[in-house]
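In: sequence first, predicted coordinates after that:
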Amino acid sequence: MTSNDNNLRKRTRPTFTDQEALTFHSRGRPGKLEVVATKPMTTQRDLSLAYSPGVAVPVLAIAEDPSKAYDLTVKGNLVGVISNGTAILGLGNRGAQASKPVMEGKAVLFKRFADVDAFDLEVGTEDPEEFINAVRFLGPTFGGINLEDIKAPECFIIEARLRELMEIPVFHDDQHGTAIIAAAGILNALELTGRDISRTKLVCNGAGAAGIASLEILKALGFRDENVILCDTKGVVFKGRTEGMNQWKSAHATDTPARTLEEAIAGADVFFGLSVKGAVTREMVKAMAANPIIFAMANPDPEITPEDAYAVRDDVIMATGRSDYPNQINNVLGFPYIFRGALDVRAKSINMEMKIAAAKALAKLAQEDVPDEVAAAYQGARPRFGRDYIIPAPFDPRLISTVPPAVAQAAMDTGVAQRPIVDMGAYKAQLSARRDPVAGALQRTVERVRRYPKRVVFAEGEEEQVIRAAVSFVGQGLGTAILVGREERIRETAAGLGMALDNREGIEIHNARLSQRNAAYASYLYDRLQRKGYLFRDCQRMINQDRNHFAAAMVALGDADAMVTGVTRNFSVALDDVRHVIDPKPGHRVIGVSLVLARGRTVLVADTAITEMPDAKDLAEIAVEAAGVARRLGYEPRVALLAFSSFGHPPGERSARVQEAVRILDGRRVDFEYDGEMAADVALDKELMAQYPFCRLSDAANVLVMPAFHSASISTKMMQTLGGSTVIGPLLVGLDRAVQIVPLGAKDTDIVNMAALAAFNVGG
Ligand SMILES: NC(=O)C1=CN([C@@H]2O[C@H](COP(=O)(O)OP(=O)(O)OC[C@H]3O[C@@H](n4cnc5c(N)ncnc54)[C@H](OP(=O)(O)O)[C@@H]3O)[C@@H](O)[C@H]2O)C=CC1
Ligand SMILES: CC(=O)C(=O)O
Ligand SMILES: [Mg+2]
């Protein structure tokens with residue numbers, strides 16, 4: 001095993017308690033979804049257009065030509081996620097109401113990964129006919145129907161009937177989504193072990209929705225009937241069996257003397273588990289052929305854990321449905337992208353060719369080199385096609401531009417596309433732009449920190465939201481949280497919040513006044529400040545009484561890796577405290593960078609914190625620092641130096657300063673794209689930018705250098721308050737140690753994000 005393999009296998013489990021899972025779902029607005037209007041609804045005129053009488057016009061247009069619904073309503077991008085809760089994950093029949101968190105979850109994954117709008121419908125019946133009747137009339141609402149967590153064999157009847165009755169794609173994800181992803185993994189595992197698909201022996205445990213559909217696609221790919229044995233709760237599904245049978249199982253019944261899973265698995269090349277936790281034993285693994293392939297896909301716990309399988313064999317290729325082991329076979333890799341492709345060509349259905357195209361696209365993607373930007377999505381370890389990387393990970397940003405085009409092309413080739421794509425290249429570019437950056441930006445940071453946990457000091461340790469943030473930081477596996485404050489007070493506050501800190505691993509409390517390190521910290525500070533008018537006792541007082549000084553000294557002297565503060569003090573005051581203790585990094589300047597996460601894109605804005613009225617040289621330096629942050633966050637920087645004018649028009653003294661900054665950058669021969677001066681709309685809108693064909697940016701800017709602090713601060717705050725954007729920061733950049741200052745009164749989630757960014761050392 002290479003060290004890369006080792007690292008991948010040793011991934012830590014995300015740790016969360018049941019209470020955290022409940023709080024995640026209940027906090028703020030209960031649940032995970034809300035409806036957002038895409039048109040203004042502010043004036044009388046808006047109302048007249050959106051509703052009566054204006055709405056009558058599209059009504060008549062659609063009545064005359066129903067296909068107009070795709071142009072005039074949300075239908076073409078809307079998927080219904082529909083369940084009756086009879087097979088929720090591997091938890092069995094828990095009822096329609098209990099399935100709602102899963103269905104809401106799927107809806108948000110549709111949005112997050114493929115910008116497909118989706119909402120959930122839970123239908124309170126176990127009767128297939130009633131279910132079919134409840135769904136069959138919903139065609140006018142949706143562009144597609146994703147059925148979920150409906151048990152077999154009813155799911156087969158329901159899906160087949162709805163496919164006949166409805167003119168939009170109907171896709172039972174537990175069947176086909178799972179089958180597609182598993183097939184992709186299998187294609188790669190076969191290649192790695194040098195197997196011929198037509199001679200490979202496979203045992204599938206689980207003859208339900210996922211099991212049966214997987215066998216269908218595997219056989220379409222080349223597995224032979226006689227080489228495949230299916231098992232269920234009654235053991236092997238053999239020819240002639242009568243107990244617990246149905247027509248879908250019969251279709252895969254084999255002529256074999258084996259009657260139990262144990263007998264069937266002996267000598268098998270591949271095990272496919274789509275059943276329940278613990279169905280496979282170590283003995284069974286031992287009995288498999290050389291280089292066995294084990295896909296234990298039951299959720300939330302696999303048929304056998306990788307630890308157990310590796311304990312008895314070291315030649316196994318192992319996959320599970322979980323995100324905390326390598327090779328996650330989970331349908332989240334499929335459904336968002338399969339529907340994206342199907343919707344974009346207005347496919348009438350999702351057929352076998354489209355499913356195989358998706359599986360092959362996924363398999364091929366795992367074989368490709370992982371570029372730098374993407375490596376960040378893999379927790380810092382750059383995966384290479386091999387035993388522990390046979391399938392891309394859910395956060396791989398290439399999925400959106402890879403899978404939907406393959407699905408769309410297959411739909412076009414098989415005649416089910418009602419609106420074929422004319423320019424595939426342009427379509428792929430559009431798809432990339434749909435990628436939601438919000439989670440992406442932070443996800444990479446958090447995953448990286450999880451891999452290299454850090455000691456982060458939370459300076460305002462007595463504050464409620466800081467305690468909550470510290471507990472969450474530790475709970476997410478990001479490292480050790482050091483709370484600065486009076487121990488008893490912190491414990492009491494934590495107890496009042498229902499969080500016992502006693503015995504909680506990963507949390508330390510340091511009282512500045514009682515710390516054994518404060519003499520060292522005070523003398524360190526005195527060395528720095530003695531010629532700036534401070535006496536030793538001033539320094540002692542600062543360390544003993546001021547938590548920012550104490551926390552910063554911990555970081556400066558290596559007792560902690562990073563620090564976060566700001567909840568109770570203004571940014572500039574907190575920064576002054578920190579600057580007494582920590583200098584700028586040699587050759588760098590300290591600036592503030594805000595991350596603006598707007599619909600479909602992330603833009604970095606600088607300097608949002610420090611230099612009030614930068615001159616040309618300052619602006620050039622700000623550009624260099626901001627470009628560095630963009631790179632650290634995984635974006636290739638395209639820097640626009642902004643002004644009220646674009647390339648000299650209209651002229652003005654302020655714009656001349658920005659032009660001068662561009663010339664300074666020219667002289668410094670920096671290694672990133674930049675240009676200016678230009679107005680914000682030119683920087684952000686590629687079409688407007690095209691009016692200036694000489695502009696050196698290859699695409700819309702993703703780093704905006706503002707001409708002064710006021711414009712930086714005003715624009716980001718307006719974006720946040722009025723524009724519906726998420727703004728993270730300002731992130732403090734250019735200090736010699738990792739320090740982040742949150743906005744006054746920040747909430748626990750903001751504090752955790754900033755602590756993660758500090759631990760990641762985004763500023764250095
Ligand atoms: N990783 C992923 O992306 C996905 C994983 N899954 C997982 O696959 C499993 C099945 O889901 P689904 O097909 O929707 O559910 P179904 O209810 O449709 O099917 C369950 C099947 O498992 C069989 N089974 C149950 N217990 C055992 C056992 N001890 N030994 C052998 N077979 C058993 C049942 O047998 P019988 O017919 O005799 O009742 C049935 O055939 C779940 O754990 C689910 O979480 C599902 C979808 C996606
Ligand atoms: C992942 C999924 O859909 C399931 O386990 O049911
Ligand atoms: Mg499911």
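Out: The structure has been received and is ready for your questions. Ligands and ions are numbered 1, 2, ... in the order given.
In: where does the chain dip in pLDDT?
Out: 1-15, 371-381, 433, 435-441, 443, 503, 599-600 (pLDDT under 70).
In: can you pull the residues of it lying near ligand 1?
Out: 87, 89-90, 151-152, 174, 178, 205-211, 231-234, 244, 274-276, 279, 297-299, 321, 329-331 (CB under 6 Å from any ligand atom). In this view, the C-beta of every residue, glycine as well, is placed from N, C-alpha and C.
In: pull out the buried residues from those residues.
Out: 87, 90, 151-152, 174, 178, 205-211, 231-232, 274-276, 279, 297-299, 321, 329-331 (16 or more other CB atoms under 10 Å).
In: among the residues of the chain next to ligand 1, which are in strands?
Out: Asn205, Cys231, Asp232 (DSSP state E).
In: tell me the contacts of the last one?
Out: Spelled out, that is Asp232. Going by CB atoms under 8 Å, 6 or more residues apart in numbering, Asp232 touches Asn205, Gly206, Ala207, Gly208, Gly211, Gly244, Lys249, Ser275.
In: which of those residues sits closest to Gly415?
Out: Gly211 (30.1 Å; CB to CB).
In: would you turn the contacts of Asp232 into TSV with distance to Asp225?
Out: Converted to TSV, those look like this (distance: CB to CB, whole Å):
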residue	distance to Asp225
Asn205	18
Gly206	18
Ala207	15
Gly208	20
Gly211	15
Gly244	20
Lys249	14
Ser275	21
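In: which of those residues lies closest to ligand 1?
Out: Taking CB to the nearest ligand atom as the measure, ligand 1 lies nearest Gly208 of the contacts of Asp232, at 1.7 Å.
In: ignoring the adjacent residues along the chain, who's closest to the closest one?
Out: Excluding its sequence neighbours, the residue lying closest to Gly208 (CB to CB, 6 or more residues apart in numbering) is Ala152, at 3.9 Å.
In: is it true that the one you found touches Trp248?
Out: Yes - Ala152 is in contact with Trp248 according to CB atoms under 8 Å; the separation is 7.0 Å.
In: of the ones in strands among the residues of the chain next to ligand 1, which is the nearest to Glu129?
Out: Once CB to CB is applied, the member of those that ends up nearest Glu129 is Asp232, at 24.8 Å.
In: quick check: bridge partners of that closest one?
Out: Beta-bridge partners for Asp232, by DSSP bridges, are Gly235.
In: that one and Ile294: what is the separation?
Out: 18 Å (CB to CB, to the nearest Å).
In: list, one by one, the residues from the protein near ligand 2.
Out: Leu89, Asp149, Asp174, Asn299, Asn330, Asn331.
In: ok, which pair from those is furthest apart?
Out: Asp149 and Asn330 (13.9 Å).
In: how long is stretch 272-280 end to end?
Out: Terminal residues of stretch 272-280 are spaced 10 Å apart (CA to CA, to the nearest Å).
In: how far off centre is stretch 472-492?
Out: 26 Å (CA atoms, centre = their mean, to the nearest Å).
In: my bad, should have said stretch 104-111
Out: Its chain's C-alpha centre and that of stretch 104-111 lie 12 Å apart, by CA atoms, centre = their mean.
In: then that stretch to CSV, C-alphas only?
Out: Coordinates of each C-alpha in stretch 104-111 appear next as CSV, following Å, rounded to 0.1, in the frame of the first residue of the first chain:
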residue,chain,number,x,y,z
GLU,A,104,-35.8,17.5,1.5
GLY,A,105,-32.1,16.4,1.6
LYS,A,106,-32.3,15.1,-2.0
ALA,A,107,-34.0,18.3,-3.1
VAL,A,108,-31.2,20.4,-1.8
LEU,A,109,-28.6,18.1,-3.3
PHE,A,110,-30.3,18.6,-6.7
LYS,A,111,-29.8,22.3,-6.2
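In: helix, strand or coil: sort out the nearest residue to Pro650 once chain neighbours are set aside for me.
Out: Nearest residue to Pro650 in three dimensions, chain neighbours excluded: Phe644, at 7.8 Å (CB to CB, 6+ apart). Reduced to three states with DSSP: H, G, I helix; E, B strand; the rest coil, the structure at Phe644 is coil.
In: quick check: phi and psi on Asp301?
Out: phi -120, psi 130 (degrees, to the nearest 10).
In: residues contacting the residue of the stretch 301-450 of the chain found nearest ligand 3?
Out: Here the stretch 301-450 of the chain gets closest to ligand 3 at one residue, Asn331, 6.8 Å apart by CB to the ion. For Asn331, the contacting residues are Asp173, Asp174, Gly177, Thr178, Ile180, Ile181, by CB under 8 Å, 6+ apart.
In: pull the number of nearby residues for the closest residue to Gly139 other than its chain neighbours.
Out: Once flanking residues are discounted, Gly139 sits nearest to Met166: 4.9 Å by CB to CB, 6+ apart. Applying other CB atoms under 10 Å, we find 19 residues neighbouring Met166.
In: hmm, back to that, closest one of the residues of the chain next to ligand 2 to Leu604?
Out: Asn330 (31.8 Å).
In: residues contacting the closest one?
Out: Ile181, Asn299, Gly321, Arg322, Ser323, Pro394.
In: please apply the same query to Val733.
Out: Contacts of Val733 (CB under 8 Å, 6+ apart): 588, 590-593, 606, 625-626, 628-629, 762-764.
In: could you identify the most distant pair in those residues?
Out: Between any two of these (CB to CB), the greatest distance is 15.4 Å, for Ala606 and Gly764.
In: neighbour-wise, which of the two wins?
Out: Neighbour totals were compared for Ala606 and Gly764, and Ala606 leads with 30 against 19 (other CB under 10 Å).
In: with adjacent residues omitted, what lies nearest to the more buried one?
Out: In space, Ala606 is closest to Ala626, 3.9 Å off (CB to CB, 6+ apart).
In: give me the buried positions along the stretch of helix or strand that neighbour belongs to.
Out: Per DSSP states H and E: Ala626 is located in helix 616-632. Using 16+ other CB under 10 Å as the test for burial, helix 616-632 gives 616, 618-632.
In: over to stretch 305-312?
Out: For stretch 305-312, using 16+ other CB under 10 Å, the buried residues are Thr305, Pro306, Asp308, Ala309, Val312.
In: how about the helices in the stretch 1-150 of the chain?
Out: Along the stretch 1-150 of the chain, counting by DSSP state H, counting those that start in this stretch, helices occupy 3-9, 18-26, 44-50, 56-64, 69-72, 100-114, 128-136.
In: next one: the stretch 201-350 of the chain
Out: Remark: helices assigned in the stretch 201-350 of the chain by DSSP H, counting those that start in this stretch are 209-221, 247-250, 261-265, 282-286, 306-312, 335-344.
In: kindly export the shortest one (C-alpha atoms) in CSV.
Out: Just to be clear, that refers to helix 247-250. These are the backbone C-alpha positions of helix 247-250, laid out as CSV (Å, rounded to 0.1, in the frame of the first residue of the first chain):
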residue,chain,number,x,y,z
GLN,A,247,-41.4,-11.7,-11.3
TRP,A,248,-38.4,-9.4,-11.0
LYS,A,249,-36.4,-11.8,-8.9
SER,A,250,-37.4,-14.7,-11.2
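In: ok, the nearest residue to Ala406 once chain neighbours are set aside - contacts?
Out: Nearest non-adjacent residue to Ala406, counting by CB to CB, 6+ apart: Ala361, 3.8 Å away. Contact analysis of Ala361 by CB under 8 Å, 6+ apart lists Ala184, Thr402, Val403, Pro405, Ala406, Val407.
In: give the contact list for Arg491.
Out: Taking CB under 8 Å, 6+ apart, one finds Leu501, Asp502, Ile509 in contact with Arg491.
In: which among those residues end up buried?
Out: Buried members of the contacts of Arg491, counted by 16+ other CB under 10 Å: Leu501, Ile509.
In: go through the contacts of Arg491 and flag which are in helices.
Out: If you go by DSSP state H, the contacts of Arg491 have nothing in helices.
In: now intersect the contacts of Arg491 with the strands, please.
Out: Judged by DSSP E, the subset of those located in strands is Ile509.
In: circling back: and which of the ones in strands among the residues of the chain next to ligand 1 is nearest ligand 2?
Out: Closest to ligand 2, out of all of these and judged by CB to the nearest ligand atom, is Asn205, at 14.9 Å.
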